[in-house]
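J.: mind folding the following:
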Amino acid sequence: MEALRVERTGAVLRVTLARPDRRNAFDAALIAELTEALGDVADARAVVLAGEGPSFCAGADVEWQRSAIDLSYDENVADALRLYRMLEAIATCPAPVVVRVHGYALGGGCGLVACADVALAAEDAVFGFSEVKLGIVPAVISPFVLAKIGAAARRYFLTGERFDAQTAFRIGLVNEVASDVDEALDAVLRELLSSGPEAARAAKRLVRERPGGVEAAQLAARLRTSPEGQEGLRAFLEKRKPCWREDEAE
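T.: Modelled structure (predicted):
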């Protein structure tokens, strides 16, 4: 891959946007590669999405936007759908996705943040939905952003103004603002890796699909009677670590 760096360290898959000279802005290659990378994470128990260089992601690449000027309506629809599929790949990735944000996260970069399960921001992070400044709207990212920040999107979609990490935390776009974002990331990964692997994936589906009644009861029963559920409950009663935590330091 040219626009991404993908590395597996133990149970963690690290996916890094690798266009630092472009502030990791989207182009067709990055969209295709990120869709592919998040579409097959195998047995990874956590995915970390980050950006190389001074910024996380500055949205759409200027040259990519320039090429869109000459596209027909149908070609623009196809182009937008490719972007949507990339975002959907993050949101529906079986493993929990943690995004590490520093520097700029603008436009589609905010879309990436909204798709993640856990979003951590450095104190210097700057956010914004700048599409209206270009005479367009953040339509493709809107399903994911609206699910994350709700009515707060009204102001920021309409004005296109930039806002800081504390504001992003206040409106729910990020889960934590950290003076040391890597330390915060390590802490979240430790918690994720201490959870049952299948339970963590099921919990992600639970949040996304919101089953009720019979479906929720069936899910609870499946997990309780699964090998992992049985091991977890027995380990708790026997006051020992479950098998998926046996390699942890005391």
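
J.: low-confidence ranges in the chain?
T.: Within the chain, the segments meeting pLDDT under 70 span 246-250.

J.: wait, what's in contact with residue 182?
T.: Contact analysis of residue 182 by C-beta atoms under 8 Å, 6 or more residues apart in numbering lists residue 100. C-beta: built from backbone N, CA, C; applies to glycine.

J.: go on, residue 27?
T.: 3, 19, 61, 63-64.

J.: which members of the residues you listed occur in helices, if any?
T.: Judged by DSSP state H, the subset of those located in helices is 63-64.

J.: which of the contacts of residue 27 count as buried?
T.: 3, 19, 61, 64 (16 or more other C-beta atoms under 10 Å).

J.: what's the separation between the second one and residue 57?
T.: For residue 19, the distance to residue 57 under the criterion C-beta to C-beta, to the nearest Å works out to 9 Å.

J.: who touches both of the two?
T.: Counting by C-beta under 8 Å, 6+ apart, the contacts common to residue 19 and residue 57 are residue 25.

J.: list the beta-bridge partners for residue 26.
T.: Beta-bridge pairing of residue 26 under DSSP bridges involves residue 60.

J.: hmm, residue 82 and it touching each other?
T.: No: in this structure, residue 26 is not within contact of residue 82 by C-beta atoms under 8 Å, at 10.0 Å.

J.: which one's more surrounded, those two?
T.: Between residue 26 and residue 82, residue 26 has the larger neighbour count (other C-beta atoms under 10 Å), namely 27 against 14.

J.: what separates that one from residue 111, distance-wise?
T.: From residue 26 to residue 111 the distance is 9 Å (C-beta to C-beta).

J.: ok so, going back, possible to save the buried ones among the contacts of residue 27 as JSON lines with distance to residue 186?
T.: Formatted as JSON lines, the buried ones among the contacts of residue 27 follow (distance: C-beta to C-beta, whole Å):
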{"residue": "3", "distance to residue 186": "26"}
{"residue": "19", "distance to residue 186": "25"}
{"residue": "61", "distance to residue 186": "31"}
{"residue": "64", "distance to residue 186": "34"}
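
J.: give me the phi and psi for residue 163.
T.: Residue 163 adopts backbone torsions of phi -140, psi 160, taken as degrees, to the nearest 10.

J.: let me redo that: residue 96
T.: phi -60, psi 140.

J.: this completes my enquiry, with thanks.
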